[in-house]
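Trainee: I would like the atomic coordinates for the input below:
(one chain, ligands or ions: 1)
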Amino acid sequence: MPDNTSTATLSLGGKSYELPVHSPSVGPDVIDIRKLYAEADVFTFDPGFTSTAACRSTITYIDGDVGELLHRGYPIDQLAEKSHFLEVCYLLLYGDLPSAAQLEDFETRVTRHTMLHEQMQYFFRGFRRDAHPMAIMVGVVGAMSAFYHDSTDISDPWQREVAAIRMIAKMPTIAAWAYKYSIGQPFVYPNNRLDYAANFLHMCFAVPAEDYVVDPILAKAMDRIMMLHADHEQNASTSTVRLASSSGANPFASIAAGIACLWGPAHGGANQACLEMLREIGTVDRIPEYIARAKDKSDPFKLMGFGHRVYKNFDPRAKVMKSSADEVLALLGIEDNETLKVATELERIALEDEYFVEKKLYPNVDFYSGIILNAMGFPTSMFTPIFALSRTVGWISQWKEMITDPEQRIGRPRQLYTGAARRDYVEVEHR
Ligand code: CMC
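Mentor: Numbering: from 1, shown residues only. Okay, the predicted model is just below:
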């Protein structure tokens, strides 16, 4: 395992401090400041964690400058072309690609856990019909800790394994039922004859009154969407899961926290916000107005689906997603759609615009995913739940890694306090 190869020297107040420097297997070196406060009585300041590595991890690597994403070393474009979602799940969870027998066993285990406890239906029915499906997912996933007591002891490796499989298996059912409930249709039970992605489409679009045959091209596109969202190292929702579970919270509660974080428009909520923005722009001639707004510092508007904290080059997931979008739209015969024209032209203009070029703002994964999901028949409110069900494996893999990490401690950031210094209480009549 790569470790300290050198030290960095910090000079402060006439003293100097030697800080160990860790070398990763790939990527920039990391200065270890863990003993800094104890030795030098100072904190470091890094809101948004732009320069802070919060953990060691062996799961996912991103090189934002060249637009590279690796899962356990395998490039995302190779996985998207040659693998499938459950195989990527295995890779993320266990560290290596499975043998045929290991994959079969894993698929069987996931498939056997797709049903929800029947009583959980009452949670769905307790929500208003117009509730956002993400609100339902936060609630129902949190409620899993009230149902699956036999997999909440995080000190037991077997229980951790069962919790992991349960969440990967049940999340599509939860997302599909949140959707069914919102449109007033009966819940459709999982069908174990179908693969993971096809089963999800089936639970979303089948009704008891008719036969529903899942189109294999759409199932493949759905599987690819899931693969492209499976993990993304220490992003906001993953860090939320790690922080929540660092206190010893159970996995269902911790993943519910991750879902809540993902919902925001700067993160997973961007796919919904992006399609709504494309619809609001409406026609190609209105694009310059929105580009001008995005550049205007006094306007909070941002071009949704553009920019990324880490990628300062094309998001490699977006490249694959774009080609998948072309395939799906061709299949469904909707290449000539106004929203698509706006998206294509917006992408062209933004990629040439000086502001976007200078700030290295490229389309991200959320720019194209909504176009495909919309074409498949999903309402915009389902876009982020689909992101959540796909990212569940990433959250769980990172959670499993954290639990067995000997360096793991409760997450407890410090602060740069700028409030009042000590002062004495003043009686109300004297204020
Ligand atoms: N439109 C216009 N300007 C932008 C945009 C945008 N989409 N994104 C960043 N900028 C500007 C920003 O105003 C800032 O300008 P200045 O340097 O003059 O202050 C500069 O670019 C750097 O941006 P930042 O906000 O400091 O970057 P960040 O790393 O804090 O935020 C981001 C990254 C993804 C939150 C942000 O780019 C954004 O809000 N994008 C739109 C929402 C979006 O598409 N999110 C999905 C991200 S990918 C999937 C996921 O993570 O879930």
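Trainee: In the stretch 51-200 of the chain, what residue spans correspond to strands?
Mentor: In the stretch 51-200 of the chain, the strands defined using DSSP state E, counting those that start in this stretch lie at 60-63, 68-71, 74-75.
Trainee: mind putting those strands in TSV, distance to T111 and mean pLDDT included?
Mentor: All C-beta atoms are positioned from the backbone trio N, CA, C, and that covers glycine. Listed next are the strands of the stretch 51-200 of the chain as TSV, based on distance: least, CB to CB, whole Å; pLDDT from 0 to 100:
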stretch	distance to T111	mean pLDDT
strand 60-63	25	97
strand 68-71	22	97
strand 74-75	24	98
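Trainee: can you point me to the longest helix in the protein?
Mentor: helix 157-182 (DSSP state H).
Trainee: which residues touch whichever residue of the chain sits closest to the ligand?
Mentor: Closest contact between the chain and the ligand, by CB to the nearest ligand atom, is at G307 (2.4 Å). Residues counted as contacts of G307 (CB atoms under 8 Å, 6 or more residues apart in numbering) are K359, L361, Y362, N364.
Trainee: How about the residues of this structure by the ligand?
Mentor: 235, 266-268, 270, 294, 302-309, 359, 361, 364-366 (CB under 6 Å from any ligand atom).
Trainee: Mind checking which of those are in strands?
Mentor: Per DSSP state E, strands hold no members of the residues of the chain next to the ligand.
Trainee: Filter these down to the buried ones.
Mentor: By neighbour count, with 16 or more other CB atoms under 10 Å, the residues of the chain next to the ligand hold 235, 267-268, 270, 294, 302-308, 361, 364-366 as buried.
Trainee: so which two of those residues are the farthest from each other?
Mentor: Using CB to CB, the pair of those lying farthest apart is N235 and A294, separated by 22.6 Å.
Trainee: Let me see the mean pLDDT of stretch 219-238.
Mentor: For stretch 219-238, mean pLDDT rounds to 96.
Trainee: One more: stretch 407-421?
Mentor: 96.
Trainee: Equivalent analysis for stretch 314-322, please.
Mentor: Mean predicted lDDT for stretch 314-322 stands at 91.
Trainee: Going forward, count from 30.
Mentor: With the count now opening at 30, the last piece we talked about shows up as stretch 343-351.
Trainee: Tell me the one among the buried ones among the residues of the chain next to the ligand nearest to R438.
Mentor: Using CB to CB, those come closest to R438 at N264, 21.1 Å.
Trainee: re the thing from before, which ones among the residues of the chain next to the ligand map onto helices?
Mentor: Short answer: these in helices (DSSP H) are A299, A323, V394, D395.
Trainee: unless I'm mixing things up, the first one is touching D395, no?
Mentor: Yes. In this structure A299 lies within contact range of D395 using CB atoms under 8 Å: 4.0 Å.
Trainee: what's the overlap in contacts for the two?
Mentor: Residues touching both A299 and D395 by CB under 8 Å, 6+ apart: M333, G334.
Trainee: A69 and P76, how far apart?
Mentor: 21 Å (CB to CB, to the nearest Å).
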